[in-house]
Each structure stands twice: as structure tokens, then as C-alpha cells.
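Engineer: predicted model and sequence follow; I will ask about them next.
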Amino acid sequence: MRTRVGPGSGEAPGWRAKAAAWVAVAAVVGLTLVGAAGRATAQGTGVDLTVFLGETGQVAPGNTFDIDASVTPVDRKDVGTYDGKGELTVDLPDGVTFEKAMDYPDDCTPSADRHTVHCPMSSDYIGGGQFRLKVDKSVPDGTTLTYSATVHAPDVDDPNPANDTVTRTLLVKSGPDLSLRWEGPTTVHAGTDNVSTPLVVTNHGPGVASLSFVVTYDNVDGVGESANLQPECGADPWEFECSTGPLEPGQSAEIPFVWGFGPQSAGKTFHIQAGYPQFPSSDDPTPEDNTPLRTIRILPADATSTPKPTASATSSASATAGTAATSGTSGTSPDGSELADTGAGDGVRPLILAASASVLLGGILVLTRRLRRS
């Protein structure tokens, strides 16, 4: 017998509650499945990763060189979020070791033997850095070495694994030995203009070479370039970007730099630096002479540069003081010009004194005779 459920019965709400509960469960399960699928997609399904690795070309034995290494997705749109354990590794051959990281913050770490660098991959599939590497001095000149960078992301379904590794070749060989040196003073006086500090660039060979470099200088109050005499350089705030033409072995080029030191610069120090101190030459066998520093101490204004009084002014001052007769053997002409000290007046003064004495003695004798007569 079928019982009809009429309005107001208590069974309908219970059925509806059960149905609502099943719908809620299905919704939760569906969201869970969608979330799982979303994570699967975010974990790299179809994400094409590509590796970049810089190259230097030629490095002298014992020198350093800098490279960039990175991994990025080819297409950064809709790649999701990565939370795996992928990394970029840079593998170095015998004779080349990791020296230091050149960027900050540094997320990469070298292995114990410094022949491998490990860089974790971030949540947006990016990793890498800039590194300074060193070629051992024992590597024979002319040796060719190879180094590589590879992305390791086992949980990423990369559709194009061919671009997951890059290999570069390095030639270990010395290039031309170039040197830079400053000339000119190391001390100046405030208030001095046109102080020349030429920079001399020399190619010691072997082979023809050109050089590009910068010249930086301090921002010192009262000091500035007083003449634009270096056509080899382009001026930027507080630096010059310079380059030389081809230099034959043994040939030098001189680049003039001229400065003015105002009165307010007294007591300060002025520095001029040439080259790239942070990025030394990789193939120059002696890179230590490529970044000369010139230090110039600025002294107070030179007192000897104050005009001295002339001899005529000195004589006039002496005459005014009543010492003209004993001021010296030289005198001045009526027009104020100096007279030469020839010694011609040396015999005149005794004669004048003798005559004065005779006149005085004669007067005394006359006065004595008058007194006797009286």
C-alpha cells in the first residue's frame, strides 16, 4: 500500500536534505579534481623551458671571465605556478672553477670542487645568475675547453627538450698586453687652471689591438674639466667613455685630460680612475695594469703666486721712513725706474763727509779766534 505524502508531512525536508548533502559532496569532489588537474597543468604540462649561457671566446691562463646562465619558459603566458625541485646546473671542465657570484641576491651554490654551480628554479620557471669563473694558470696556452648549462625539471613535460642544454667553447690563449698609465702632477694648488693629466695607452704586443674603457672621476666641489681635448672620449656625468683606434705592437696613444681646481677645492683629494676595475680584461696577460688610479692632493692656494713689491716701491717706503741714506747701494731714478748697482757712488759719500767736517772745523777755529780777541 502506497502512502501519499501530503503537504505538511515531515518526510520531504529529510529527502531534500539528503539530496543537498549529495550535491555538496559532489561539488567538493569536483573542486578537488579540478584543483588536482590545475596543479598538474601548473607543474609544467606543455611548458617549453629554454636555457641561455653566455660565452667569452678567449681567456689568458690565470685570468677570470664572467658569464650569464639562465633558464626561462619560452612562452610565459598561462604556465601556472611551479613548486617542483627543478634546477639549472652549470658544469665546468677541469682547469676552470667557480670564483664568485656577480649578482645579488645570489641563489646559486657551487659544489665542493667548484666545478658545478646549482641554481634552483623559481615558481615561475626562472633560475640562474651571473658568475665569475677562473682559468687555472697551469692550463697550456692554446687549449680549448667546453662548459655547459642544463635545466633539470623531471616533473615538467617539456615538449622541446633540445633547448634544455647549451654548450660553449673557450679558447685559453693570451692576447695583446695593453697597459694604461697616468701622467701629470699628484699635488696641485687650489686656484690653478689647465692642469694636464694625460692618459697613456700602450700596446706591448703581440698583435694589433684596440681598447675601450671608461674614465671616472670624483665629484669634488670646485674641480672640473677645464678643456674638452679628448676626441677619443664621450662625456657622461662623472665619467668618459673612451676608445682607441688600432695600436701596433709598441705603439702608444696619449689622451689628454685637463682640469681646473677652484679656490673651494683646497684641502680635498681628487681621484681619476681608468679602465673597468670591476670587469678586468680576460685575455690580457697582465690585467692589473689596465685600471690605473691617479690621486691628486689639492693644497691651499700658493702664497708665492702673490705679486711681490718692486724695488722702486721698497725704496720709496724706505725714504719715507727716513732711512734713504742707509737703505742700500742701489737707488731709483726720478721716473721710478731701478738703477744698476755699479759702485760708482761708493767714493762720493766719503768726500761729502770730509767736506762737512772741514767746514765744521773752520767754523770752530774762527769762533775761537774771536773769543781770544775779545
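Structural biologist: On my side now, so go ahead. Numbers count the residues shown, from 1 in each chain.
Engineer: buried set for stretch 225-244?
Structural biologist: 226, 230, 232, 233, 240, 242, 244 (16 or more other CB atoms under 10 Å). Glycine gets a C-beta too; all of them are placed from N, C-alpha and C.
Engineer: same deal with stretch 47-58?
Structural biologist: 47, 48, 49, 50, 51, 53, 56.
Engineer: was I right about the last one contacting residue 64?
Structural biologist: No: counting by CB atoms under 8 Å, no contact exists between residue 56 and residue 64, whose distance comes to 9.8 Å.
Engineer: what residues are shared contacts of the two?
Structural biologist: Contact criterion CB atoms under 8 Å, 6 or more residues apart in numbering; residues shared by residue 56 and residue 64: residue 282.
Engineer: flag the least confident of the buried residues of stretch 225-244.
Structural biologist: Taken together, the buried residues of stretch 225-244 show their lowest pLDDT at residue 230, with 72.
Engineer: now residue 241. Nearest residue, chain neighbours left out?
Structural biologist: residue 234 (4.9 Å; CB to CB, 6 or more residues apart in numbering).
Engineer: next secondary structure after the helix or strand containing the one you found?
Structural biologist: For residue 234, the element it lies in under DSSP states H and E is strand 233-236. Using DSSP H and E, the helix or strand that follows strand 233-236 in sequence is strand 239-243.
Engineer: the very next helix or strand once past that next one packs against which elements?
Structural biologist: Proceeding C-terminally, strand 239-243 gives way to strand 252-255 as the next helix or strand, assigned by DSSP H and E. Packing partners of strand 252-255 (3 or more CB pairs under 8 Å, 6 or more residues apart in numbering; DSSP states H and E): strand 199-203.
Engineer: show me which residues of the strand it packs on are buried.
Structural biologist: Buried-residue list, strand 199-203, by 16+ other CB under 10 Å: 199, 201, 202, 203.
Engineer: so the third one makes contact with residue 251?
Structural biologist: Right, the one you point to is residue 202. Yes: with contact defined as CB under 8 Å, residue 202 reaches residue 251; the gap is 7.5 Å.
Engineer: still on that earlier bit, give me the residues contacting the strand holding residue 234.
Structural biologist: For strand 233-236, the surrounding residues in contact (CB under 8 Å, 6+ apart) are 215, 225, 228, 240, 241, 242, 255.
Engineer: need the residues you listed in TSV (columns: distance to residue 286).
Structural biologist: Below are the contacts of strand 233-236 laid out as TSV (distance: CB to CB, whole Å):
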residue	distance to residue 286
215	20
225	30
228	31
240	23
241	23
242	20
255	20
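Engineer: out of the residues you listed, who's nearest residue 266?
Structural biologist: residue 225 (19.0 Å; CB to CB).
Engineer: for that closest one, list each beta-bridge partner.
Structural biologist: Per DSSP bridges, the residues bridged to residue 225 are residue 259.
Engineer: how about it, what does it touch?
Structural biologist: Contacts of residue 225 by CB under 8 Å, 6+ apart are 235, 257, 258, 259, 260.
Engineer: how many other residues sit next to the second one?
Structural biologist: Read it as residue 257. Number of residues near residue 257 (other CB atoms under 10 Å) recorded here: 25.
Engineer: you'd agree it is up against residue 200?
Structural biologist: No: taking contacts as CB under 8 Å, residue 257 lies outside contact range of residue 200: 11.3 Å.
Engineer: for the stretch 1-150 of the chain, which spans come out with low pLDDT?
Structural biologist: Within the stretch 1-150 of the chain, the ranges that satisfy pLDDT under 70 run 1-45, 78, 105.
Engineer: now the helices for it?
Structural biologist: 11-42 (DSSP state H, counting those that start in this stretch).
Engineer: could you check how far residue 106 is from residue 59?
Structural biologist: Applying CB to CB, to the nearest Å, the value for residue 106 to residue 59 is 23 Å.
Engineer: typed the wrong thing, it's residue 181
Structural biologist: Counting by CB to CB, the gap from residue 181 to residue 59 is 24 Å.
Engineer: those two: who's more crowded?
Structural biologist: For residue 181 versus residue 59, the count of surrounding residues by other CB under 10 Å is larger for residue 59: 24 against 14.
Engineer: in the stretch 1-150 of the chain, which spans are strands?
Structural biologist: Listed in chain order, the strands found in the stretch 1-150 of the chain under DSSP state E, counting those that start in this stretch are 49-53, 58-59, 64-73, 87-91, 96-101, 109-110, 116-120, 127-135, 143-152.
Engineer: report the angle between the third one and strand 116-120.
Structural biologist: Just to be clear, that refers to strand 64-73. Interaxial angle, strand 64-73 versus strand 116-120 (axes from the mean of the first three to the mean of the last three CA atoms, to 10 degrees): 40 degrees.
Engineer: for the last one, same thing?
Structural biologist: Strand 143-152 runs at 30 degrees relative to strand 116-120, counting by the same axes, to 10 degrees.
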